[in-house]
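> have a look at this fold, sequence not included:
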């Protein structure tokens, strides 16, 4: 397995070519026995090959456009590409107007010379954490693939594309965990930056107050490298000694209902951090319990989604995934006064949580409480809703906080993928990634 970071270093040293890397990715996409048909809603195979050839010439002249010039990258089907309809994993928008320009993020990738291999499948309109799509099929999780487990969502195709070698890294979105959840369930690293760091122009929204653009890759440095290309300002990360770290572990809600696989991996990871001298402080953080009340009627996500979707819901309700439609329609139950109160509640909650965790270098919790269930298990609508809420429970805390967060694999080889999530407040992205790189080193040593 070659990571994005390793590939960039190998290109710099002249040990590999973009054409080889793109060829390998396209071969994985086209494999008859693979998940390519379910991973992508659109592919750019010829364009990616051409970009790789052009990038190869630039590398030979020691004039690459960026550190990812010619490297295979995928983008979620929420980002505008000029001349194409942005489907957002739906059938509803099949006949919508074509985008007249590229999303800002897409334009930055192109300027960097990235070989964009395609648009990845997703939960319709990004509105669940499971990754199930009845319109284009659901990419199967790489772990125990024959059992057909969910990939996690909403950036489902993004995670499977990276895990299966169809690209070296992927750009997705994260409104309540949509980058970190699939990264976790597929054994990858997922980074949700502070939302304001990456321009969302040309990105189809779910809930503009909570949306962010994030990345999925094999390791922290690869996430950092891709983020540096698409963000308004690249981050600088430095080496940190874990013996200097002081992390907080919330005790309210986020540790409830962990299945045996997640619990074992979580406790093992904490043991490894303690062995490196990390100070871990347990904090009640009762404020987290308030989110259940704040979001009891769909919360800000449903309200803002309803503002965008209400016309379509009235005119074409049958075009929606019924499970997604149910969640969107919850936003119609709120009045403008109730919605206004939600924003005030969030602002007050956010301030109190920021104050509580300010003394610490970051907040640790399991990314999700369950390993990936099978698609068959979720055929039961009640179980579907229950698992979806559990998948989003921990990750969505950080979106409400408008913070930054990264999920790191912490399971043993061959075991079900489990994620350790490190999070911080808005604007602390560089420190977060620096600490995450140190944690990653320790976790990999323990495997």
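Right, received. Where do you want to start? Just so you know, these numbers come straight off a predicted model, no measurement behind them.
> all helices in the stretch 251-400 of the chain, in order from the N-terminus.
260-275, 290-294, 299-315, 322-329, 336-357, 381-393, 395-401 (DSSP state H, counting those that start in this stretch).
> ok, the residue nearest the centre of the chain - contacts?
Residue closest to the average C-alpha location in the chain (Cα atoms, centre = their mean): residue 179, at 0.9 Å. Applying Cβ atoms under 8 Å, 6 or more residues apart in numbering, we find residue 179 in contact with 155, 158, 172-173, 190-192, 214-216. (C-beta placed from N, C-alpha, C; glycine too.)
> excluding covalently adjacent residues, which one is nearest to it?
Leaving aside its sequence neighbours, residue 179 sits nearest to residue 214 (Cβ to Cβ, 6 or more residues apart in numbering; 3.6 Å).
> now the helices of the stretch 251-400 of the chain as a markdown table including distance to residue 21?
Below are these laid out as a markdown table (distance: least, Cβ to Cβ, whole Å):
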| stretch | distance to residue 21 |
| --- | --- |
| helix 260-275 | 31 |
| helix 290-294 | 42 |
| helix 299-315 | 37 |
| helix 322-329 | 35 |
| helix 336-357 | 40 |
| helix 381-393 | 32 |
| helix 395-401 | 31 |
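> name the element residue 73 belongs to?
strand 72-76 (DSSP states H and E).
> my bad, should have said residue 443
helix 429-445.
> and the contacts of that helix?
189, 191, 193-194, 197, 219-221, 223-224, 235-242, 245, 269, 272-273, 276, 361-362, 404-406, 408-410, 420, 422-424.
> just the buried members of those residues?
189, 191, 193-194, 197, 219-221, 223-224, 235, 237, 240, 242, 245, 269, 272-273, 276, 361-362, 404-406, 408-410, 420, 422-424 (16 or more other Cβ atoms under 10 Å).
> next, the buried residues of the helix holding residue 443.
Buried, per 16+ other Cβ under 10 Å, within helix 429-445: 429, 431-440, 443.
> how about stretch 140-158?
Going by 16+ other Cβ under 10 Å, stretch 140-158 has these buried residues: 140-143, 149-158.
> now it, how far from the centre of its chain.
14 Å (Cα atoms, centre = their mean, to the nearest Å).
> pLDDT wise, what is residue 447 at?
Residue 447 carries a pLDDT value of 61.
> what pLDDT does the model give residue 1?
Value listed for residue 1 in the pLDDT field: 83.
> pull the contacting residues for it.
165, 218.
> what's the burial count for the closest residue to residue 135 other than its chain neighbours?
In space, and not counting its chain neighbours, residue 135 is closest to residue 91: 4.9 Å by Cβ to Cβ, 6+ apart. The tally of other residues near residue 91 (other Cβ atoms under 10 Å) stands at 16.
> go on, residue 311?
Residue 311 has 9 nearby residues by other Cβ under 10 Å.
> now the residue of the chain most remote from its centre: phi and psi?
Seen from the C-alpha centroid of the chain, the residue lying at the greatest distance (Cα atoms, centre = their mean) is residue 61, 34.9 Å away. Dihedral pair for residue 61: phi -90, psi 0, per degrees, to the nearest 10.
> quick one: it and residue 8, what's the gap?
Separation of residue 61 from residue 8 (Cβ to Cβ, to the nearest Å): 17 Å.
> and if you look at residue 192?
Taking Cβ to Cβ, one finds residue 192 at 22 Å from residue 8.
> give me the more crowded residue out of those two.
residue 192 (32 against 23).
> wait, the more buried one touches residue 182, no?
No: in this structure, residue 192 is not within contact of residue 182 by Cβ atoms under 8 Å, at 11.9 Å.
> you'd agree residue 48 is up against residue 74?
No: using Cβ under 8 Å, residue 48 is not in contact with residue 74, being 9.9 Å away.
> what do the two both touch?
116-117.
> neighbour-wise, which of these two wins?
Taking other Cβ under 10 Å, residue 48 and residue 74 do not tie; residue 74 has more neighbours (32 against 26).
> with secondary structure added, can I get the buried residues of stretch 140-158 in JSON lines?
Compiled in JSON lines, the buried residues of stretch 140-158 are given as follows (DSSP: H, G, I helix; E, B strand; the rest coil):
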{"residue": "140", "secondary structure": "coil"}
{"residue": "141", "secondary structure": "coil"}
{"residue": "142", "secondary structure": "coil"}
{"residue": "143", "secondary structure": "coil"}
{"residue": "149", "secondary structure": "strand"}
{"residue": "150", "secondary structure": "coil"}
{"residue": "151", "secondary structure": "coil"}
{"residue": "152", "secondary structure": "coil"}
{"residue": "153", "secondary structure": "coil"}
{"residue": "154", "secondary structure": "coil"}
{"residue": "155", "secondary structure": "coil"}
{"residue": "156", "secondary structure": "helix"}
{"residue": "157", "secondary structure": "helix"}
{"residue": "158", "secondary structure": "helix"}
